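Trainee: can't give you the sequence, but here's the structure:
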């Protein structure tokens, strides 16, 4: 499975599962399963609590998706509700609100790919050029911080600054200008949520690019500088190629996540700007199911999203392999 | 670096933190004359920046820092200002004026905010302990790749990262279990993050096997090895994972919308949403010490004090964990 390849590859080379690399002692493979079971008893017991929680709160709900094929009602329960065939799915695909939610989801993903994704890269390049370690780490700790704030807090902060009664409007009005309200305007909603995402997470996004930049040997820069390469040429020929694999990897992972856009962020602001622009697949599922009680319909919509997302993630992983190989191949 | 994408991510994952911190700081200590813009950290071969370039860079970085710091500054300042001061400023206070701790005294002297704060602290404390302990155990249990059942158990974790059950079945399960309006509904469904387990497992697997083998030969069992050897060697990773869990519990608000109908039981984030974001008037419930008549209840200082209350725990823990980020988190950052 590609997924496990990526995860295992991300380990620091301390051995992959199943077929042991040559450096693990050969003796261990010859032990029978009974002996191994006895030997590893404590390890198995240790995984039990986590596995138990996952079985109850992740795997049983997965089975619970059968209600997508039922006319589920809370009174009849899982076992007594009548079967509905594929009719819930047919309703999902012919529902204009669902199609609108899919459209909004994809629009937000595309917009953020263009206006959010590059920001951490640029900031990382900038920060990497700060040569005094103390200043650099101080700036880093400050810009990482908003990542740890809740969405409620971030949206509230934005409201206090950009809202109708916010700081900017209050200053504008004090100087006799016309005020504006960014928080309730559907036309600028894409811009607003992208600004919020940038404020909250662009700083945190820097961390991975800084890590990639730190793998570049300073001698490369020194040698090229001695050979007369300018600052910009060094960035173009040394820094950017070093970032390329990470950029491709992150881009592909983001594509795999295309159907997931800030759920908490959107549901907080759905009331203020209206469902027309802010309804995404996740909020649609929540409203149809939990709020309006159309459980089977909502479960069908959620299941469609889950299955398509799984396909996207696996496809994106494949793509990552293809790109990864070609990227390395070109440089070698 | 060779091969395909597993190695790509690996190349990012293995970095020790000191490389991140000192990559440019170790220029040769050759004596050189100090010019304008000439930093002692600049390697000799690197040309000093042009005045324009340097000022542009300074400006951008300053804006970056200000954009984060300024909103926090004005929120904190407003929460410390008197109601009269906010009226004079017409809203958020930017220039310090008349200061008072009244807002904090009011919201912390009983009533809905106090209760919500206690609820949030309780959920965060209990949840973080449960999640961290369970994750450490699972990570260690999965850290020997030739152990019994290793691969199937690992898959149990991996699958949850790629296919979520969905909101509706999870909600129905939690309500079938009778957890609606129970604090356990805010802890148990998300108690294990496969992702955090993998971060820890990753770290445990990086520990020199010879050390663990030596302990095993000396007769230490796995529990002993985990407690006396592995954990003390993994403080950084454990701290980072505990922070992730803790921040998750502290910040969670949607779970509470789903599972907590009784607003007496609301955690702080929901109170923040209702009374600050949505501007619902904070009722003078509880001890009745919130003075409705004076208009102080809807006052901006009180709202801002609730915001500060939601930030403070993060600011308290952050400095201690933050320095471990480059060590423990880089693998984590890939998935974001």
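Mentor: Great, that's in hand. Keep in mind the model is a prediction, meaning the values are calculated, not measured. Residues are numbered from 1 along each chain as shown, chains lettered A, B, ... in the order given.
Trainee: show me where pLDDT drops low in chain A?
Mentor: A:1-30, A:324-332 (pLDDT under 70).
Trainee: got the domain boundaries for it?
Mentor: Using automatic domain parsing, the domain parsing of chain A gives A:2-8+A:17-83, A:95-331.
Trainee: for the stretch 1-150 of chain A, what spans make up the strands?
Mentor: Using DSSP state E, counting those that start in this stretch, the strands assigned to the stretch 1-150 of chain A run over residues A:70-71, A:82-83.
Trainee: Packed most tightly, which of the ones you listed would that be?
Mentor: Each of these was scored by mean neighbour count; the highest is strand A:70-71, a mean of 18, by mean count of other Cβ atoms under 10 Å in any protein chain shown. Quick note: C-beta positions are derived from backbone N, CA and C, even for glycine.
Trainee: Can you give the contact residues for that strand?
Mentor: Contacts to strand A:70-71, defined as Cβ atoms under 8 Å, 6 or more residues apart in numbering or on different chains, come from residues A:78, A:81-84, A:296.
Trainee: Let's see that with 7 Å instead.
Mentor: A:81-84, A:296 (Cβ atoms under 7 Å, 6 or more residues apart in numbering or on different chains).
Trainee: Centre of the chain to that strand, how far?
Mentor: Mean-position distance between strand A:70-71 and its chain equals 32 Å (Cα atoms, centre = their mean, to the nearest Å).
Trainee: Next, the contact list for residue A:276, please.
Mentor: With Cβ under 7 Å, 6+ apart, residue A:276 has these contacts: residue A:186.
Trainee: Helix or strand: which one has it?
Mentor: Secondary structure assigned from DSSP states H and E places residue A:276 in helix A:275-278.
Trainee: Show me what counts as buried in that helix.
Mentor: Along helix A:275-278, these residues count as buried under the neighbour rule (16 or more other Cβ atoms under 10 Å in any protein chain shown): A:275, A:277-278.
Trainee: now swap in stretch A:33-48 and tell me
Mentor: Neighbour-count burial for stretch A:33-48 [16+ other Cβ under 10 Å]: A:36, A:40, A:42-44, A:46-47.
Trainee: right, and the helix or strand after the helix holding residue A:276?
Mentor: Taking DSSP H and E, what comes next after helix A:275-278 is helix A:281-286.
Trainee: Pull the residues that contact that next one.
Mentor: A:97-98, A:101-102, A:105, A:259, A:263, A:266-267, A:270, A:298, A:301-302, A:305, B:167-168.
Trainee: roughly how far apart are residue B:67 and residue A:123?
Mentor: 11 Å (Cβ to Cβ, to the nearest Å).
Trainee: Quickly compare the domains of chain A and say which is most buried.
Mentor: domain A:95-331 (a mean of 18).
Trainee: which residue sits closest to the residue sitting nearest the centre point of chain B in space, ignoring its chain neighbours?
Mentor: Geometric centre of chain B, nearest residue: residue B:247, 3.8 Å, by Cα atoms, centre = their mean. Once flanking residues are discounted, residue B:247 sits nearest to residue A:148: 5.0 Å by Cβ to Cβ, 6 or more residues apart in numbering or on different chains.
Trainee: how near is that neighbour to residue B:240?
Mentor: 12 Å.
Trainee: one step back: for the record, mean pLDDT for the stretch of helix or strand the residue nearest to the centre of chain B belongs to?
Mentor: Residue B:247 is part of helix B:235-251 when elements are defined by DSSP H and E. Helix B:235-251 shows a mean pLDDT of 92 in the predicted model.
Trainee: can you list contacts of stretch B:76-85?
Mentor: B:86, B:92-93, B:96-100, B:103, B:296, B:299-301, B:304-305, B:308.
Trainee: how about 10 Å then?
Mentor: For stretch B:76-85, the surrounding residues in contact (Cβ atoms under 10 Å, 6 or more residues apart in numbering or on different chains) are A:160, A:167, B:86-89, B:91-104, B:107, B:294-296, B:298-309, B:311-312.
Trainee: Count the neighbours of residue B:263 for me.
Mentor: By the measure other Cβ atoms under 10 Å in any protein chain shown, the count of residues near residue B:263 is 13.
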